[in-house]
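**Q** turn this into a model:
(chains A, B, C and D)
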Number of protein chains: 2
Amino acid sequence: MSETDAPASVLLIDDHPLLRQGIKQLVEMEEDMEVIGEASNAHDGITLALDSEPDLILLDLNMPEINGIETLKRLRAENVGSRIVIFTVSDHEDDVVAALRAGADGYLLKDMEPEDLVPQLRQAAVGRMVISDRLTTLLAEALRSQKPEATGASYDSLTPREKDILKLIAEGLSNKMIGRKLDISDGTVKVHVKHLLKKLNLRSRVEVAVWAVEEGLHKG
Amino acid sequence: MSETDAPASVLLIDDHPLLRQGIKQLVEMEEDMEVIGEASNAHDGITLALDSEPDLILLDLNMPEINGIETLKRLRAENVGSRIVIFTVSDHEDDVVAALRAGADGYLLKDMEPEDLVPQLRQAAVGRMVISDRLTTLLAEALRSQKPEATGASYDSLTPREKDILKLIAEGLSNKMIGRKLDISDGTVKVHVKHLLKKLNLRSRVEVAVWAVEEGLHKG
DNA sequence: AATCGTCTACCCCCAAAGAGGTATCCTGGC
DNA sequence: GCCAGGATACCTCTTTGGGGGTAGACGATT
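**A** Numbers count the residues shown, from 1 in each chain, chains lettered A, B, ... in the order given. Down below sits the predicted model:
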């Protein structure tokens, strides 16, 4: 918004005081950027964000009580217009995907080189999405077929394998893709689907998918 | 499969002879990798792939007649088990996403450093997904735009008729049944479904159904 | 009057899905 | 040792689904 004249305002939300201190020092060495607030928990962070409307919010994922994803959702729900960048140790696909889906404008890993941080923040402040390079492969894989993710208190009569197939159907995958994912032939997948239809007394994979979603079985 | 003993076999499918030549020379300098075939078009490429079952296929996107994405789909349809890596000049989001969706195991840009190519191919041959770093941001954005989530904007873009069809798909009806219910031909239903898939950026009626249920649009 | 969006219907073509069937292998229970 | 259930893979067959295209009818907007 105002990167030409006034310095970009940054809000830190992280429960580690030392880390906040470190970031603050890095940022304060720059003329075009300043930390205008810090919070050690989600509640304070959201209040500060609403009050100060920073250009950029650096948000930790692992926080007590209310985690980062939830905080992110609440910020977006409050229509906070700030750029929000996740800054975390977690390189788990679930976290990255959840953050991006919840509207994160960036996802940086805490093990990055300190000297890289400020340039990345500068990019983020002017609207570019910033992502740690290390996550490329992970993103590609997530994009390619989103979420298998296991466990399921699903229908008791189903075998474990059938539950696998059930979930993947509910993600919209074709038999062939399911086969590739489970490393079995698509013919075998068809056998399982056939059994699913019979056991659940349904008439097509679409009904299976709808049923799974309605029962909440499609995600762990 | 056989990266410990026999050299990894590579098939090149690209309509530029010079480029093929260049890659070939690079690859042939390595002991653990060999080019076992070349094709300048999709048809020959598919035939060669089926005959020789290479460990790795390097596939160009821009080819005459049958493009790379289509070639990729056909290769997968034929159950070619090779690792398939796209090698192209295009850094357009649509191409990257389409390639990954079609089952590409990698996506490398032709403007990469030559000395990086062989290491990347080696990675790909043993099953790792390889993506040019430059595409990170793009991938993240593609992933994010997959889920409208907070915005119900996409639903509003549907015509009344499309909303009818959407709801009936979510009830698990076939095109024929939908046609019977709405008193139109099943061919017409297919047209509406086609438009639904395009507008909602989904890939099958199953995904449409799941989306509708998740959004709570299936009743009402 | 011309254009646009929508709905309708058809064409071709090929991939995906689903209903039958047989068969092998393995594991746990009796 | 035998048997049942589960997982795998293959076969054939028909129906369904989806992408591409063209095109006519209608109503609204320009």
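
**Q** from here on, contacts and neighbour counts on C-alpha atoms
**A** Fine.

**Q** all helices of chain A, in order?
**A** A:17-28, A:42-52, A:68-77, A:93-101, A:114-125, A:136-144, A:160-170, A:175-182, A:186-200, A:205-214 (DSSP state H).

**Q** quick check: buried residues in the second one?
**A** Within helix A:42-52, the residues that qualify as buried are A:A42, A:G45, A:I46, A:L48, A:A49, A:L50, counting by 16 or more other Cα atoms under 10 Å in any protein chain shown.

**Q** same check, this time on the shortest one
**A** Applying a neighbour-count criterion of 16+ other Cα under 10 Å, one finds A:N175, A:K176, A:M177, A:I178, A:G179, A:R180 buried in helix A:175-182.

**Q** so it versus helix A:160-170, what angle?
**A** 130 degrees (axes from the mean of the first three to the mean of the last three Cα atoms, to 10 degrees).

**Q** how about the first one?
**A** Using the same axes, to 10 degrees, the interaxial angle of helix A:17-28 with respect to helix A:160-170 works out to 30 degrees.

**Q** average pLDDT across helix A:17-28?
**A** Helix A:17-28 comes out with an average pLDDT of 88.

**Q** next: the fourth one.
**A** When pLDDT is averaged along helix A:93-101, the result is 77.

**Q** got the CA coordinates for it in PDB?
**A** Coordinates of each C-alpha in helix A:93-101 appear next as PDB, following Å, rounded to 0.1, in the frame of the first residue of the first chain:
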ATOM      1  CA  GLU A  93       2.200 -30.600   4.200                       C
ATOM      2  CA  ASP A  94      -0.900 -30.400   6.200                       C
ATOM      3  CA  ASP A  95       0.200 -27.100   7.800                       C
ATOM      4  CA  VAL A  96       1.300 -25.500   4.600                       C
ATOM      5  CA  VAL A  97      -1.800 -26.500   2.700                       C
ATOM      6  CA  ALA A  98      -4.100 -25.400   5.600                       C
ATOM      7  CA  ALA A  99      -2.400 -22.100   5.800                       C
ATOM      8  CA  LEU A 100      -2.600 -21.300   2.200                       C
ATOM      9  CA  ARG A 101      -6.200 -22.400   2.000                       C
END
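
**Q** buried set for it?
**A** Going by 16+ other Cα under 10 Å, helix A:93-101 has these buried residues: A:E93, A:D95, A:V96, A:V97, A:A99, A:L100, A:R101.

**Q** looking at those, which one is closest to DNA strand D?
**A** Ranked by distance to DNA strand D (Cα to the nearest atom of the strand), the buried residues of helix A:93-101 are led by A:R101 at 23.3 Å.

**Q** distance of the residue of chain A most remote from its centre from B:G172?
**A** Of all residues in chain A, A:K198 sits farthest from the chain's C-alpha centroid, using Cα atoms, centre = their mean; the distance is 36.3 Å. Using Cα to Cα, to the nearest Å, one obtains 16 Å as the distance from A:K198 to B:G172.

**Q** what residues does chain A have near chain B?
**A** A:97, A:100-103, A:129-131, A:133, A:135-137, A:139-140, A:142-145, A:169-172, A:204-207, A:209-210, A:213-214 (Cα under 8 Å from any Cα of the partner chain).

**Q** quick one: buried ones out of those?
**A** A:97, A:100-103, A:129-131, A:133, A:135-137, A:139-140, A:142-145, A:169-172, A:204-207, A:209-210, A:213.

**Q** so which of these are also by DNA strand C?
**A** A:S204, A:R205, A:V206 (Cα under 7 Å from any atom of the strand).

**Q** hang on, the earlier thing: averaging pLDDT over each of the helices of chain A, which comes out lowest?
**A** Going by mean pLDDT, the lowest-scoring of those is helix A:136-144, which has a mean of 69.

**Q** with distance to A:M33 as extra columns, can I get the buried residues of helix A:42-52 in TSV?
**A** As requested, the buried residues of helix A:42-52 are exported to TSV (distance: Cα to Cα, whole Å):
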residue	distance to A:M33
A:A42	23
A:G45	19
A:I46	20
A:L48	18
A:A49	16
A:L50	19
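
**Q** which among these gets closest to B:L18?
**A** Of all the buried residues of helix A:42-52, A:A49 has the smallest distance to B:L18: 56.3 Å, by Cα to Cα.
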